[in-house]
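Colleague: Return atomic coordinates for the entry below.
(one chain, ligands or ions: 1)
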Amino acid sequence: MKLFSSVNDVKDVPALVAEALQLKKDPFAFQHLGKNKTLSLVFLNPSLRTRMSTQKAGANLGMNVIVLNIDKEGWALELRDGVIMNGTTVEHIREAAGVMGEYSDIIGVRSFPGLKDRDEDYSETIFNKFVEFCKVPVVSLESATRHPLQSLADLVTIEELKTVSRPKVVLTWAPHIKPLPQAVPNSFAEWMCKADVDFTIAHPAGYGLCADFTNSAIITHNQDEAIKDADFIYVKNWSAYEPYGAITGGNEDWMLNNDKLKIAPKAKIMHCLPVRRDLELSSEILDGPQSVVIHEAGNRVWAAQAVLKQMLEVL
Ligand code: CP
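Modeller: Next up, the predicted model:
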């Protein structure tokens, strides 16, 4: 694997999930693969889980790991071509990414969307420029439209915790006070549509995701109907795809609580984190027996390690 930006970069999804679960059992078995290899993790936006889990995954494989919070510690980057750099930007992404490639065998990049210009965000301008100019394999640490390491960890979690061969998985919209990207729900939907699950998406009117990511999903505005007897409920807020980045009030009753979960007594509750307690998801669920959010975050290590291992194998 030379690029991991979406599920479409994975030849065999079940094999990658199995590889992650095997690495969880034996984390240090492939340290020889990463010996004298450098993994650089470049963040244009904040992170806790992605940063720490991918750093740990690289170390488990014997890699040297560099973390650069380029938004805070690097030169101000110019991302546009054809501009005279007489403003606040100091270094062009062409040189910055090219230089990072000189120091790295694999690069991970996190670059969130602006949520202002849908065409620009959905063409993945920044992420694709890193891929073009760094000239080494690239892992998405969350881009404008997808978060594939999160989705792989989510699928690993479902595979590990399922109690029926084809579980019912529901992605439900949750309230928030700020416009959030569609990357996590897009990506989760895209991976679930390729997995052996019955997949439903529930959201209020006006929050439909881009159809490119949801092709075989059942889509409903009725949350109760969707979550009834679910095996897994994935909770996440996202802003509107159309009008792009918009949020509207009045959907506060979409927050899950124990009362709502009475119709899904066996459901395991997932969230990518960070989560705003008692806004997106109730504390009673997060602190209760149905929540698997910490376990899910733990699986971020094995997901990242499986992807890095497949990249190291073809370096
Ligand atoms: N879920 C996730 O990507 O968390 P961070 O933003 O903290 O990395």
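
Colleague: Please name the nearest non-neighbouring residue to Thr214.
Modeller: Of all residues not flanking Thr214 in the chain, Ala189 sits nearest, at 4.8 Å (C-beta to C-beta, 6 or more residues apart in numbering). In this view, the C-beta of every residue, glycine as well, is placed from N, C-alpha and C.

Colleague: Could you check the pLDDT of that neighbour?
Modeller: At Ala189, the pLDDT value in this model is 98.

Colleague: what's around it, how many residues?
Modeller: Neighbour count for Ala189, taken as other C-beta atoms under 10 Å: 24.

Colleague: Now find how far off-centre the helix or strand in which it is found is within its chain.
Modeller: Element membership for Ala189, per DSSP states H and E: helix 183-192. Computed by C-alpha atoms, centre = their mean, to the nearest Å, the chain-centroid distance of helix 183-192 equals 8 Å.

Colleague: Also stretch 12-30?
Modeller: 18 Å.

Colleague: tell me which residues in it are buried?
Modeller: Residues 16-17, 19-20, 23-24, 27, 30 are the ones in stretch 12-30 that count as buried (16 or more other C-beta atoms under 10 Å).

Colleague: swap in stretch 78-97?
Modeller: Buried residues in stretch 78-97, counting neighbours by 16+ other C-beta under 10 Å, are found at 78-79, 92-93, 96-97.

Colleague: Look at Thr163 and give its secondary structure.
Modeller: Recorded secondary structure, Thr163: coil (DSSP: H, G, I helix; E, B strand; the rest coil).

Colleague: how about the helix or strand harbouring Gln305, does it reach the ligand?
Modeller: In this assignment (DSSP H and E), Gln305 forms part of helix 300-312. No: contact of helix 300-312 with the ligand (C-beta under 6 Å from any ligand atom) is absent, the minimum separation being 7.3 Å.

Colleague: Apart from its neighbours in sequence, what residue is nearest Gly114?
Modeller: Asp121 (6.3 Å).

Colleague: Could you tell me whether that neighbour really is in a helix?
Modeller: Yes: membership of Asp121 in a helix is supported by three-state DSSP.

Colleague: Output the set of residues of the stretch 101-250 of the chain in proximity to the ligand.
Modeller: Within the stretch 101-250 of the chain, the residues that sit near the ligand (C-beta under 6 Å from any ligand atom) are 142, 150.

Colleague: what ranges do the helices span in the stretch 101-250 of the chain?
Modeller: Using DSSP state H, counting those that start in this stretch, the helices found in the stretch 101-250 of the chain span residues 118-122, 125-134, 148-161, 183-192, 223-227.

Colleague: now these as TSV including distance to Ala205?
Modeller: What follows is the helices of the stretch 101-250 of the chain, written out as TSV (distance: least, C-beta to C-beta, whole Å):
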stretch	distance to Ala205
helix 118-122	19
helix 125-134	30
helix 148-161	25
helix 183-192	16
helix 223-227	12
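
Colleague: From the centre of the chain, point out the most distant residue.
Modeller: What lies farthest from the middle of the chain is Asn86; by C-alpha atoms, centre = their mean that is 35.3 Å.

Colleague: Show me what residue of the stretch 201-315 of the chain gets nearest to the ligand.
Modeller: With C-beta to the nearest ligand atom as the measure, Cys272 is the residue of the stretch 201-315 of the chain nearest to the ligand, at 3.9 Å.

Colleague: Run a quick neighbour tally on that residue.
Modeller: Residue neighbour count, defined by other C-beta under 10 Å, stands at 25 for Cys272.

Colleague: Going by neighbour count, which residues of the helix or strand bottoming out on mean pLDDT in the chain are buried?
Modeller: In the chain, the helix or strand scored least confidently by mean pLDDT, DSSP states H and E is helix 70-73, which has a mean of 92. Judged by neighbour count using 16+ other C-beta under 10 Å, the buried positions of helix 70-73 are 70-71.

Colleague: Which residues are in contact with Thr172?
Modeller: 201-203, 223, 226-227, 233-236, 254, 256 (C-beta atoms under 8 Å, 6 or more residues apart in numbering).

Colleague: can you redo the residues you listed as a markdown table with pLDDT and neighbour count?
Modeller: Converted to a markdown table, the contacts of Thr172 look like this (pLDDT from 0 to 100; neighbours: other C-beta atoms under 10 Å):
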| residue | pLDDT | neighbour count |
| --- | --- | --- |
| Ile201 | 98 | 24 |
| Ala202 | 98 | 22 |
| His203 | 98 | 24 |
| Gln223 | 98 | 21 |
| Ala226 | 98 | 21 |
| Ile227 | 98 | 21 |
| Ile233 | 99 | 27 |
| Tyr234 | 99 | 26 |
| Val235 | 98 | 24 |
| Lys236 | 98 | 21 |
| Trp254 | 98 | 19 |
| Leu256 | 98 | 24 |
